[in-house]
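# please find the sequence and the predicted model below.
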Amino acid sequence: MRKRLNGNCHCGAIRVALTKEENASLSPRHCGCDFCQRHGALYVSVPSGQLTITLAEPDCVGRYRFGHETATFLLCQRCGVLAAATCELEGQLFAVLNANVLAPPLTVDKGSVPVADYEAEDIDVRLVRRQQRWISRVTVVEGPPG
């Protein structure tokens, strides 16, 4: 049985729908980098899941890359919410979702969630980790949901 989780940035310019197996764990985690810490991101992914990111107002969506520039962070330029990060590998789009955009929110003790330090990873190790742990079926749709 599959379960669908929906969410959006505060103003609704970025909307997400994550479909996963009912019993598949989301394994929340924090990234320890300054960018993610400053946004208070709580990332979730389920490799076998399917994520649709709808950019309902594409002009409001900012794309930010830093460091190795292997991931693109999707931020709403109107309300400031970090919604997700994507990474294209071998022609396939992978993503990790900021659980803070889900409604209703996940029931999780955010203080007990581990903080991951990826600074020591080289690019190859980082990309393999993303292929293994990030959501593997990702669709980005521009324009209002139909």
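Right, received. Where do you want to start? Numbers count the residues shown, from 1 in each chain.

# and K20, which helix or strand is it part of?
strand 14-21 (DSSP states H and E).

# and the most centrally placed residue in the chain, how far is that from D122?
For the chain, L97 is the residue whose C-alpha lies nearest the centre (CA atoms, centre = their mean; 2.1 Å). Counting by CB to CB, to the nearest Å, the gap from L97 to D122 is 25 Å. C-beta: built from backbone N, CA, C; applies to glycine.

# do K3 as well
For K3, the distance to D122 - CB to CB - is 36 Å.

# these two: which is more packed in?
Neighbours around K3 and D122, counted as other CB atoms under 10 Å, are more numerous at K3. The numbers are 12 against 8.

# let me see the contact set for the more buried one.
By CB atoms under 8 Å, 6 or more residues apart in numbering, the contact list for K3 reads T19, K20, E21, E22.

# what do you get for R15?
Shown in contact with R15 (CB under 8 Å, 6+ apart): N6, G7, N8, C9, I53, T54, A56, P145.
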